[in-house]
Every structure is written in structure tokens, then in C-alpha cells.
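Peer 1: sequence-free structure coming up:
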């Protein structure tokens, strides 16, 4: 069974929003609540759903490449050239 943020919220007796904010280390959540949430997350084995977060944010940070042909050496060289530039320009 997958543990959800709602399960963690029920376990600590707080709202889903409060648990979400505590997990994201927002300043509007008390240190005591943050600690309770961290303990519950570990105890229950909660793991954030990255796909759900990406859907919510409407951003995947995925870069697609269309290469003219499948030539391993040429493609690898292109990717090695593109990778550092994408980190600086697209996702900085």
C-alpha cells in the first residue's frame, strides 16, 4: 500500500496543507510540527510522488532531443555538448 500525504496528515493530526508545508520546510510551520511530520514520514515510509508534483507544478524539467540518426559516437558528443548548456540556459 502506498502511503500518501493524507495518511501522514491523519497520523500527526494536522491538515494535508500543514504537512505539505512542513515537508517543504515553509516558515509558517512550527518546529514542533515539522519534527512530528518528519517522524511520521519516516515511520510510515512516505515517499513523495514526483510525477504528481510535476503535474501540479506543470513543469517536468525534461529535455527531449531529436537526433538525425542513431550514431552512438556522434550522438554522445552532441549530448555532452548540450547537457551543460541546458543546465545554464533552460533550467537555471
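Peer 2: Good, I have the coordinates. Here the structure is a predicted model, which means the values were calculated and not measured. Residues are numbered from 1 along each chain as shown.
Peer 1: and the residue nearest to residue 4 when sequence neighbours are not counted, what is it in contact with?
Peer 2: Nearest residue to residue 4 in three dimensions, chain neighbours excluded: residue 46, at 7.5 Å (Cβ to Cβ, 6 or more residues apart in numbering). To be clear about C-beta, it is placed using only N, CA and C from the backbone, and glycine gets the same treatment. In this structure, residue 46 makes contact with 3-5, 7-8, 40, judged by Cβ atoms under 8 Å, 6 or more residues apart in numbering.
Peer 1: Closest one of those residues to residue 24?
Peer 2: residue 5 (11.0 Å; Cβ to Cβ).
Peer 1: In the chain, what residue spans correspond to helices?
Peer 2: Under the criterion DSSP state H, the chain contains helices at 5-12, 16-23, 31-44, 50-57, 72-89.
Peer 1: Dump these to CSV, plus distance to residue 65, mean pLDDT and mean neighbour count.
Peer 2: Below are the helices of the chain laid out as CSV (distance: least, Cβ to Cβ, whole Å; pLDDT from 0 to 100; neighbours: other Cβ atoms under 10 Å):
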stretch, distance to residue 65, mean pLDDT, mean neighbour count
helix 5-12, 34, 96, 17
helix 16-23, 33, 95, 19
helix 31-44, 36, 96, 15
helix 50-57, 19, 83, 10
helix 72-89, 7, 73, 10
